[in-house]
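# Sequence and computational prediction follow.
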Amino acid sequence: MMKLTYTVPDEHAGITVYSVLRRQFNLSATLTRRLKRAQAVLCGGRPVFTDYRLAAGETVSVDVEAAEPPCDILPEPGSIRVLLETEALLAVNKPAGILIHPSHAKNTGTLANHVAQYLTDTRGSGVCHAVNRLDRDTSGVVLFAKNACAKEAGTRALSAGKKDYLAIVSGIFEPRRGVIDLPIRRLDPENMRRVAAADGQRAVTHYDTVCTGVLQGQSVSLLRLRLETGRTHQIRVHASACGHPLLGDRLYGTAESIALSAALGLEAHLLHAAELSFTDPFSAAPVCVRAPVERADMQKILADLKINP
């Protein structure tokens with residue numbers, strides 16, 4: 001059970017419970033209403049209305065899991081690699097080739113199904129919410145929240161944090177380090193493909209060339225990238241727009257990069273979410289979660305390039 005508590009200081013005497021929920025705990029209006037209906041907001045051990053005015057020294061406590069709807073993700077056994085776990089959050093190393101969460105077309109075999117099973121086994125509840133998202137073929141750090149409150153707090157923390165990726169791309173960027181500031185929009189409503197276009201949403205990617213090498217007679221680069229914004233397919237679109245698509249990327253690749261990827265036997269784009277850095281929203285401690293590259297296709301290319309990231 002996860003609880004939030006707040007004891008009213010003298011200078012905040014007369015503050016309402018609603019203000020504590022919204023400003024001190026940063027709960028959304030929707031979650032606040034759910035907690036109120038569940039009578040999960042207590043003062044002196046008794047449920048209180050949100051318009052109740054608090055005296056100095058009174059303590060408000062909230063059982064944030066009391067208003068959690070039943071888990072709609074089917075727990076399913078599967079291997080997960082835990083990178084970090086706290087009372088509220090769980091970070092895992094996602095393999096390439098697996099969806100993060102169920103959809104109408106596929107409700108089993110996803111990372112969330114396996115996380116739900118892990119949480120069912122370890123804490124008796126499979127409730128989990130993905131805080132960040134990765135494409136099916138992108139590997140690396142995925143952060144899950146164990147309740148809706150943690151999801152809201154984790155989302156805010158990540159928006160103010162840092163997200164670093166490793167990618168292997170065709171060719172060599174010039175300059176070797178820089179910023180890609182190109183708006184991105186969806187090609188059309190019926191197409192998942194995105195394009196860099198002036199009428200798109202602002203998208204900014206910082207990149208740094210870790211090293212370069214040659215595969216099958218063609219130059220390739222290992223990049224470390226940091227997202228300033230979080231558009232769908234952002235790194236893949238930006239790399240392609242710069243003429244250096246990710247190896248293994250059939251959607252945004254060029255004829256040359258696709259041919260090289262085929263020669264190397266690649267079936268997925270070589271993109272890995274290597275690191276998440278943020279401030280824990282509950283303890284205020286700095287957090288840095290690193291995911292080692294464990295996927296065989298990327299390990300092989302890195303070994304061929306004699307790189308140990």
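Arrived safely.
# ranges for the strands of the stretch 51-200 of the chain?
Using DSSP state E, counting those that start in this stretch, the strands found in the stretch 51-200 of the chain span residues 59-63, 82-85, 89-94, 129-130, 139-145, 162-170, 177-181, 184-188, 191-196.
# Indicate which one of those strands is closest to residue 119.
Across those, residue 119 has its closest neighbour in strand 89-94 (7.3 Å, Cβ to Cβ). Heads up, the C-betas are built off the backbone N, CA and C, glycines and all.
# got a list of contacts for that closest one?
80-85, 100, 111, 115, 118-119, 128, 131, 134, 138-146, 150, 154, 273, 276, 280, 289, 291-292, 294 (Cβ atoms under 8 Å, 6 or more residues apart in numbering).
# Restrict those to the buried ones and give me that as a ChimeraX selection.
Burial among the contacts of strand 89-94 is assessed by 16 or more other Cβ atoms under 10 Å; the matching ChimeraX selection reads:
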select :80,83,84,100,111,115,118,119,128,131,134,138,139,140,141,142,143,144,145,146,150,154,273,276,280,289,291
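# ok so, going back, closest one to residue 254 among the strands of the stretch 51-200 of the chain?
Among those, strand 162-170 comes nearest to residue 254, with 7.1 Å by Cβ to Cβ.
# got a list of contacts for the closest one?
Outside strand 162-170, the residues touching it (Cβ under 8 Å, 6+ apart) are 132, 140, 210, 218-227, 230, 235, 239, 244-247, 253-254, 256-257, 260, 270-278, 293, 298, 301-302, 309.
# Any idea how far it is from the middle of the chain?
Relative to its chain's centre, strand 162-170 lies at 15 Å (Cα atoms, centre = their mean, to the nearest Å).
# Same check on stretch 262-273?
Put simply, stretch 262-273 sits 21 Å off its chain's centre (Cα atoms, centre = their mean).
# Using PDB, write down the CA coordinates of that stretch.
Output of stretch 262-273 as PDB, limited to C-alpha atoms (Å, rounded to 0.1, in the frame of the first residue of the first chain):
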ATOM      1  CA  ALA A 262      20.000  -7.100 -45.500                       C
ATOM      2  CA  ALA A 263      23.600  -8.100 -46.000                       C
ATOM      3  CA  LEU A 264      24.200  -7.900 -42.300                       C
ATOM      4  CA  GLY A 265      21.100 -10.000 -41.600                       C
ATOM      5  CA  LEU A 266      19.300  -7.200 -39.600                       C
ATOM      6  CA  GLU A 267      15.600  -7.600 -39.000                       C
ATOM      7  CA  ALA A 268      15.100  -4.600 -36.700                       C
ATOM      8  CA  HIS A 269      16.400  -1.100 -36.400                       C
ATOM      9  CA  LEU A 270      19.500  -0.700 -34.200                       C
ATOM     10  CA  LEU A 271      18.200   1.700 -31.600                       C
ATOM     11  CA  HIS A 272      18.600   1.300 -27.800                       C
ATOM     12  CA  ALA A 273      17.300   3.400 -25.000                       C
END
